[in-house]
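Undergrad: Sequence first, then the predicted structure:
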Amino acid sequence: MAKKAPKGKSTAPTKPAKRNKAKKSTSKPKGKQAWKLVGSGSALLAGLAATRALDATWKTATGRKPPTKPENPDIAGREALLWAALSGMAIGVAKTYATRRAANYWIRSTGELPPGMSNNATNAQEKKLKKLSKQTAGTKR
């Protein structure tokens, strides 16, 4: 004889309750993450290269190590100011150049301005973007 199920309960296997799979997307779009990686990485590498080149140039020109802490009273005032000005300028120029090159590479690769730059695009930048897009479209054939 088959066993009877208690009143109100079924012997059929039950399915687990469906969970709401719709999750709020808090992650950034992959394009934005990729641009941050490319832009920041190129700027970081350019800054490191500029620092090494500037250190070697300073040592060759003065015969001394570059001042690691220009605010130190043992370092002459002119030397500290010159080092601060040269290192700031060299690193700033290198980072700007590297980021601009990375942005141009991004434009050639994707046909769009990097994320975050489109809001500030001027007419000249938009024309350049269209021109680059046409050039890359012609070379992909």
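TA: Arrived safely, thanks for sending.

Undergrad: what's the pLDDT at the residue nearest the centre of the chain?
TA: Note on the chain: the residue nearest the mean C-alpha position is K36, at 2.3 Å, using Cα atoms, centre = their mean. We have a pLDDT of 89 for K36.

Undergrad: which residues does it contact?
TA: Not one residue lies near K36 by Cβ atoms under 8 Å, 6 or more residues apart in numbering. C-beta coordinates here come from the backbone N, C-alpha and C atoms, glycine included.

Undergrad: correct me, but D55 touches R64?
TA: No. The criterion here is Cβ atoms under 8 Å, and D55 misses it with R64 at 11.1 Å.

Undergrad: Between those two, tell me which one has more neighbours.
TA: Taking other Cβ atoms under 10 Å, D55 and R64 do not tie; D55 has more neighbours (14 against 10).

Undergrad: So L82 versus T62, what's the distance?
TA: Distance, L82 to T62, by Cβ to Cβ, to the nearest Å: 10 Å.

Undergrad: no no, K32
TA: Taken as Cβ to Cβ, the span from K32 to T62 is 44 Å.

Undergrad: Likewise for P114?
TA: With distances taken as Cβ to Cβ, P114 is found 40 Å from T62.

Undergrad: So between those two, which is more surrounded?
TA: P114 (21 against 13).

Undergrad: sec struct for that one, please.
TA: Look at P114: counting by DSSP: H, G, I helix; E, B strand; the rest coil, its state is coil.

Undergrad: Name the nearest residue to R101, sequence neighbours excluded.
TA: Nearest residue to R101 in three dimensions, chain neighbours excluded: S42, at 6.9 Å (Cβ to Cβ, 6 or more residues apart in numbering).

Undergrad: after the one helix or strand the one you found maps to comes which helix or strand?
TA: Element membership for S42 (DSSP states H and E) is helix 30-62. On the C-terminal side of helix 30-62, the closest following helix or strand by DSSP H and E is helix 77-110.
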